[in-house]
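1. give the three-dimensional model of this entry:
(one chain, ligands or ions: 1)
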Amino acid sequence: MSRPGSIDRAPRPTRRLFTDLARWMVGLGLLAGIAFPFLATLLGLPPEEVYTPRFFGATLLAGLAVGLANYGLARGVVRPRLRLLSGRMHQVAESIGSATYSDDWSRCRPETCSVPVDSQDELGESAAAFNRLVGALMNAHEVEDAVRDFSRELSGQLELAPLAARALTQLLNHTGAQAGAVLVEQGGELNVIAGHGLEDRERLRHSDHVREALRSQALRRLELPEDIVIEALVGNLRPREVVVVPIVYQSVNLGVVVLASTRPLTGERLRLLELFQRSFGLALHNAVTYDHLERLAALDPLTGAYNRRFGLGRLHEEYQRSARTRAPLGVLMLDIDHFKAVNDTYGHLVGDRVIASTANAIRRCLREGDVLVRYGGEEFLVLLPGAGCVDAQRVAERIRHACTETPVRDGEQTIQVTISGGYTAFPEQDAGDEDALIRSADTALYAAKAGGRNRIAAGECPPSQSREPLAQGRSGA
Ligand SMILES: Nc1nc2c(ncn2[C@@H]2O[C@H](COP(=O)(O)OP(=O)(O)OP(=O)(O)O)[C@@H](O)[C@H]2O)c(=O)[nH]1
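-> As a prediction, the model looks like this:
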């Protein structure tokens, strides 16, 4: 185990190389000068000629000269190479520096921003190590860039569906996976918000692997054998690996990303995925919060229907779409009959329950894409995209029946209310704007009230299209 300060005692590669070299070479030269006279006597030279101060002096001088010459040669050969190496390293460092500040890495790729390696000796190995260091630096830069781009791409997006679609595209690009999906938890349910290349993405909602990844909050890798074909999950693709990545923000599960790839993901790509996981967690958290707030702002708390402000916004959008495409748009105005009497008899709380129960009864008669709006106290606006006058009348009648068949209980008592309604539809009613549609349905509603209530009346629908101008209902409440 290393202790504090132990680094000082570790060998230091750059310390006094040439001083040490000079000491060793001169020292060895002198040692050879001292040893030479003894060697000479062993070789047969007469000792009286060898063991003299003159002879010793001469061999010492010769040893010193050889030592200095060796040092000079070593310095002359090694130094220029080292200078060359450090010069190239400086150039590479400058290129990386200017690429960092100009954010233009096009001229500094690993193959160009490197030192040529022509040998496998220690200098070659040093150059190769330097190149590896540069490669690691470039890689770190690429990862940082990818994470920054990913975060930037997501940061401006607060809408859940576009955010999930963008994140999925980026994740597929960066991991090399060919298919995938983003599932998000909404109201205790996992919903598929974005998908690519998957045949039956809804099945993922019930996958054990998805549940397990959420439970453990850990990435799961499923390596699949060559011969397996997940027909229902992935169309023509034969994935070799499926990765399930939980998306978590501050320990709270937000959803999962599922990626399917024909090649197993490399360690680097998985690490990148883990970095993306964090950015996506934050972006998804913001989008889920935004979605939640938007819903709260758009919904009427008593009935769960859209509030008037949001509903009129939707009417504007739907009208614009219909005006553009000439696709029909049905509009209903519905109002509970004699509601004041309900309030007066049973109190406001029971009145509220009647309003909520009526909204539920209406909702059950609608199809996906229809819009239910609480327009006023006990008045509802319903938008029926794709419905002409005949369909609008049919839906209104269905609602009227449903409301009479949905009594509200208050202790022993059963409260049964009826509704009246007016309908119209664009473009059969040649309305110049959406307000004209509302006015027409509203006028029809008042006609229905005036006609005895518990009935549905037509607005400005052409007579040939609507079966009866004033559909007769059952007796009032
Ligand atoms: N309990 C409850 N009552 C409400 C709410 N909003 C409006 N009201 C009441 O609903 C009643 C509506 O009464 P009116 O507009 O006279 O209509 P009505 O009694 O239904 O008569 P017709 O529409 O002509 O059949 C009023 O008494 C309002 O106070 C609400 O959110 N909760």
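2. return the distance of Leu68 relative to Thr418.
-> Using C-beta to C-beta, to the nearest Å, we find Leu68 at a distance of 118 Å from Thr418. Where you see a C-beta, it was placed from the backbone N, CA and C, and this is true even at glycine.
3. between these two, who's got more neighbours?
-> For Leu68 versus Thr418, the count of surrounding residues by other C-beta atoms under 10 Å is larger for Thr418: 20 against 14.
4. count of residues packed around the closest residue to the more buried one other than its chain neighbours?
-> Distances taken as C-beta to C-beta, 6 or more residues apart in numbering place Asn454 nearest to Thr418, at 3.8 Å, with adjacent residues excluded. Counted with other C-beta under 10 Å, the neighbours of Asn454 add up to 23.
5. likewise for Met138?
-> Neighbour count of Met138, defined by other C-beta under 10 Å: 18.
6. residue contacts, it?
-> Residues in contact with Met138 (C-beta atoms under 8 Å, 6 or more residues apart in numbering) are 105, 108-110, 113.
7. in a helix, that's where it is, yeah?
-> Yes: judged by DSSP: H, G, I helix; E, B strand; the rest coil, Met138 forms part of a helix.
8. from the stretch 251-400 of the chain, which residue is nearest to the ligand?
-> The ligand sits closest to Gly377 of the stretch 251-400 of the chain, with a gap of 2.2 Å, by C-beta to the nearest ligand atom.
9. ok, now which ones touch that residue?
-> Neighbours of Gly377 in contact, by C-beta under 8 Å, 6+ apart: 339, 355.
10. before we move on, what SS does it have?
-> Secondary structure, three-state DSSP: Gly377 is coil.
11. the longest helix in this structure is where?
-> Across the chain, the longest stretch assigned as helix under DSSP state H is helix 53-102.
12. which strands and helices lie in contact with that helix?
-> Counting contacts by 3 or more C-beta pairs under 8 Å, 6 or more residues apart in numbering; DSSP states H and E, helix 53-102 is packed against helix 17-42, helix 122-155.
13. make TSV out of these and add distance to the ligand and mean pLDDT.
-> Shown next, in TSV, are the helices and strands packed on helix 53-102 (distance: least, C-beta to the nearest ligand atom, whole Å; pLDDT from 0 to 100):
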stretch	distance to the ligand	mean pLDDT
helix 17-42	90	91
helix 122-155	40	87
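14. quick revisit: quick one: mean pLDDT over the longest helix of the chain.
-> Rounded to a whole number, the mean pLDDT of helix 53-102 is 90.
15. can you tell me how far the most centrally placed residue in the chain is from Thr175?
-> What sits nearest the mean C-alpha location of the chain, by C-alpha atoms, centre = their mean, is Ala167, with 3.5 Å. To Thr175, Ala167 is 12 Å away according to C-beta to C-beta.
16. how about the residues of the stretch 201-350 of the chain that lie near the ligand?
-> Counting by C-beta under 6 Å from any ligand atom, the positions of the stretch 201-350 of the chain adjacent to the ligand are 335-340, 343, 348.
17. out of those, who's nearest Glu434?
-> Nearest to Glu434 among these, counting by C-beta to C-beta, is Asp335 at 19.4 Å.
18. secondary structure element holding Gly180?
-> Per DSSP states H and E, Gly180 falls inside strand 179-186.
19. which residues touch the helix or strand following that strand?
-> Per DSSP H and E, strand 179-186 leads on to strand 189-196 as the next helix or strand towards the C-terminus. For strand 189-196, contacts defined as C-beta under 8 Å, 6+ apart pick out 160-161, 164-165, 167-169, 172, 179-185, 201-202, 204-205, 210, 214, 255-256.
20. do you know the pLDDT at Glu111?
-> Per-residue confidence (pLDDT) for Glu111: 70.
21. hmm, I typed the wrong one, I wanted Asp335.
-> You'll see Asp335 listed with a pLDDT of 98.
22. picking that back up, buried subset of the contacts of strand 189-196 as a ChimeraX selection?
-> Buried residues among the contacts of strand 189-196 (16 or more other C-beta atoms under 10 Å), as a ChimeraX selection:
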select :160,164,165,167,168,172,179,180,181,182,183,184,185,201,204,210,214,255,256
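23. what about the protein, any weak spots by pLDDT?
-> 1-11, 14, 110, 225-237, 463-477 (pLDDT under 70).
24. domains in it, as residue ranges please.
-> Structural domains annotated on the chain: 16-155, 159-296, 308-471, as defined by automatic domain parsing.
25. among those, which comes closest to Leu302?
-> Taking C-beta to C-beta, domain 308-471 is the member of those nearest to Leu302, at 5.6 Å.
26. grab the nearest non-local neighbour of Arg75.
-> Excluding the flanking residues, the one nearest Arg75 by C-beta to C-beta, 6+ apart is Phe18, at 6.0 Å.
27. so which of the domains of the chain is the most surrounded?
-> Greatest average neighbour count among the domains of the chain goes to domain 308-471 (a mean of 19), per mean count of other C-beta atoms under 10 Å.
28. rewinding a little: by contact count, what packs against the strand holding Gly180?
-> Against strand 179-186 (3+ C-beta pairs under 8 Å, 6+ apart) you get helix 160-175, strand 189-196, strand 252-261, helix 267-298.
29. can you do 10 Å?
-> Strand 179-186 sits against helix 160-175, strand 189-196, helix 208-216, strand 241-249, strand 252-261, helix 267-298, with contacts defined as 3 or more C-beta pairs under 10 Å, 6 or more residues apart in numbering; DSSP states H and E.
30. list the contacts for Gln416?
-> 342, 354, 403-408, 477 (C-beta atoms under 10 Å, 6 or more residues apart in numbering).
31. Glu142 touches Trp105, doesn't it?
-> Yes: contact criterion C-beta atoms under 10 Å: Glu142 and Trp105 qualify, at 8.5 Å.
32. from the residues of the stretch 201-350 of the chain next to the ligand, which is closest to Thr443?
-> Of all those, Asp335 has the smallest distance to Thr443: 12.7 Å, by C-beta to C-beta.
33. which phi and psi does whatever residue of the stretch 101-250 of the chain ends up closest to the ligand have?
-> Nearest residue of the stretch 101-250 of the chain to the ligand (C-beta to the nearest ligand atom) works out as Gly187 at 24.5 Å. The phi/psi pair for Gly187 (degrees, to the nearest 10) reads phi 60, psi 40.
34. distance of it from Ala32?
-> If you go by C-beta to C-beta, the gap between Gly187 and Ala32 works out to 91 Å.
35. what do you get for Val258?
-> In this view, Val258 and Ala32 are 75 Å apart by C-beta to C-beta.
36. likewise Pro385?
-> From Pro385 to Ala32 the distance is 103 Å (C-beta to C-beta).
37. and Glu460, by the same measure?
-> Distance from Glu460 to Ala32, by C-beta to C-beta: 120 Å.
38. one more: Gly267?
-> 56 Å.
39. returning to what we had before: skipping its backbone neighbours, what lies nearest the residue nearest to the centre of the chain in space?
-> Excluding its sequence neighbours, the residue lying closest to Ala167 (C-beta to C-beta, 6+ apart) is Phe280, at 5.4 Å.
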